[in-house]
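Undergrad: Any chance you can model this:
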Amino acid sequence: MNETSLFKSDWTKHKTFEGSCPLGPWIVPASDIGDPQNLGLKLWVNDVLKQDSNTSDMIFNLAEQIEQLSN
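TA: Numbering: from 1, shown residues only. The predicted structure follows:
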């Protein structure tokens, strides 16, 4: 058992509260993005590509995620 299992709350909301910024290292203006439901996402760890996907493949779309984080 670890300390997070002692609490019955949403871990994600505690890490992404209003005023925090779990984005980066850049913030791009919305006018430069185009379709936010069709953005490439890549993750490298120690210069090794570990994930290569698209926002269109996400379980929850961006509007649903923003709604959830805003509550």
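Undergrad: Near Val48, how many other residues are there?
TA: Counted with other CB atoms under 10 Å, residues neighbouring Val48 total 7. To be clear about C-beta, it is placed using only N, CA and C from the backbone, and glycine gets the same treatment.
Undergrad: What of the one 3 residues further on?
TA: Around Gln51 there are 9 other residues, counting by other CB under 10 Å.
Undergrad: Can you tell me the element it falls in?
TA: strand 48-54 (DSSP states H and E).
Undergrad: how many other residues sit next to the residue nearest to Trp44 when sequence neighbours are not counted?
TA: Among residues not flanking Trp44 along the chain, Lys50 sits closest, at 6.6 Å (CB to CB, 6 or more residues apart in numbering). By the measure other CB under 10 Å, the count of residues near Lys50 is 9.
Undergrad: how much space is there between Lys50 and Leu41?
TA: 11 Å (CB to CB, to the nearest Å).
Undergrad: just Thr55 next, same as before
TA: Separation of Thr55 from Leu41 (CB to CB) stands at 6 Å.
Undergrad: Those two: which is more packed in?
TA: Neighbour count, other CB under 10 Å: between Thr55 and Leu41, Thr55 has more, with 15 against 12.
Undergrad: OK, contacts around the more buried one?
TA: With contact set as CB atoms under 8 Å, 6 or more residues apart in numbering, Thr55 has these partners: Pro36, Gln37, Asn38, Leu39, Leu41, Asn61, Leu62.
Undergrad: Thanks again, I'm all set now.
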